[in-house]
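Undergrad: Okay, structure incoming, though there's no sequence with it:
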């Protein structure tokens, strides 16, 4: 059945610039990382941190996250690399797709913790700043699955069905639910939810990040249920559905406990940052204060002069009074002498 409306799949997921391959999947990941760092930097500065701190810590977090994401994928889909007829070397070919978000976040958090520890920064505050950016990065990264024609859902005839044309690795050409698109849109919604909630409720101490995790898990659960790619099942549910459920409960539990133990938001997220800002802004006020002191000194000097003038006039008056008194006394004595 030929569909009248559908989402076409790219005929190829890689272009070559001479001998250099330019892979759509890799570009989506890279763009997502840049967006996450850019937005995280803006949020970090707004919370009182230094510009560039988010990027410095991302130097640790991103490589750890890539390794963690790949490890999770290889471990949970080991048969793709270590079963009969498979080449285990393919486990290192990240550009072919296969990054598990659960492993990426878990090991990425370890890298972020190392970076934060080196700078004396609390990890929860950093996680809150970067949370919406991670969601946007996921939204962009999911389009890498579109380039690779992977991670689609059940067969469908909706107008936005994804047309799969490749028959490699057991794919069956046809029209399927574009679960990559569903998750991409869901992640955009999660990012805006976290931004709104953070502004509305002043989330702190890791609660913005926990909200991102919980909200993502809700969407991942129903989207994962729609997928038809091979996966391990436990009690009839895909492994990632169980993972999403467990992580959701952990995130909600953290929010509840954190609210009781540490309400509000961190007053200082990066030691020394506020002092630097105050110092930079304080140059002008300092000069103004110095000028004020000088002006005040001049006013005091003028005031002293003003005060001294009455004192001088009072002394003159006293001398005149004394002279008048002496003159009056001489007149009195002269009058007395005449009378006698």
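TA: Received, thanks. Everything quoted here is computed from the prediction, not taken from an experiment. Numbering: from 1, shown residues only.
Undergrad: Report the spatially closest residue to residue 39, excluding sequence-adjacent ones.
TA: residue 133 (3.9 Å; CB to CB, 6 or more residues apart in numbering). All C-beta spots, glycine's among them, are computed from the backbone N, C-alpha and C.
Undergrad: got the phi/psi numbers for that neighbour?
TA: Backbone geometry at residue 133, expressed as degrees, to the nearest 10, gives phi -60, psi -40.
Undergrad: right, and it touches residue 34 too?
TA: No - using CB atoms under 8 Å, residue 133 is not in contact with residue 34; the gap is 9.6 Å.
Undergrad: So between these two, which is more surrounded?
TA: residue 133 (26 against 14; other CB atoms under 10 Å).
Undergrad: what's the spacing between the more buried one and residue 272?
TA: 24 Å (CB to CB, to the nearest Å).
Undergrad: what's the helix or strand where residue 256 lies packed up against?
TA: Here residue 256 sits within helix 239-261, counting by DSSP states H and E. Here helix 239-261 touches helix 101-119, helix 207-226, going by 3 or more CB pairs under 8 Å, 6 or more residues apart in numbering; DSSP states H and E.
Undergrad: what sits up against the first one?
TA: With contacts defined as CB atoms under 8 Å, 6 or more residues apart in numbering, helix 101-119 is touched by 53, 56-73, 75, 122-123, 126-127, 130, 134, 138, 213, 216, 220, 240, 243, 247, 270.
Undergrad: Let me know the pLDDT of residue 169.
TA: Looking at residue 169, its pLDDT is 77.
Undergrad: Can you pull the phi/psi pair for it?
TA: phi 50, psi 40.
Undergrad: In TSV, list the helices and strands packed on helix 239-261 along with mean pLDDT.
TA: Converted to TSV, the helices and strands packed on helix 239-261 look like this (pLDDT from 0 to 100):
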stretch	mean pLDDT
helix 101-119	96
helix 207-226	97
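Undergrad: Single out the most deeply packed of those helices.
TA: helix 207-226 (a mean of 22; mean count of other CB atoms under 10 Å).
Undergrad: Going along the chain, name the strands of the chain.
TA: 7-8, 14-17, 20-23, 162-164, 174-176, 233-234, 237-238 (DSSP state E).
Undergrad: could you dump these to a markdown table with mean neighbour count?
TA: Formatted as a markdown table, the strands of the chain follow (neighbours: other CB atoms under 10 Å):
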| stretch | mean neighbour count |
| --- | --- |
| strand 7-8 | 14 |
| strand 14-17 | 10 |
| strand 20-23 | 12 |
| strand 162-164 | 19 |
| strand 174-176 | 20 |
| strand 233-234 | 10 |
| strand 237-238 | 16 |
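Undergrad: Let me know which of the ones you listed is the nearest to residue 100.
TA: Smallest distance to residue 100 across the strands of the chain (CB to CB): 12.6 Å, for strand 237-238.
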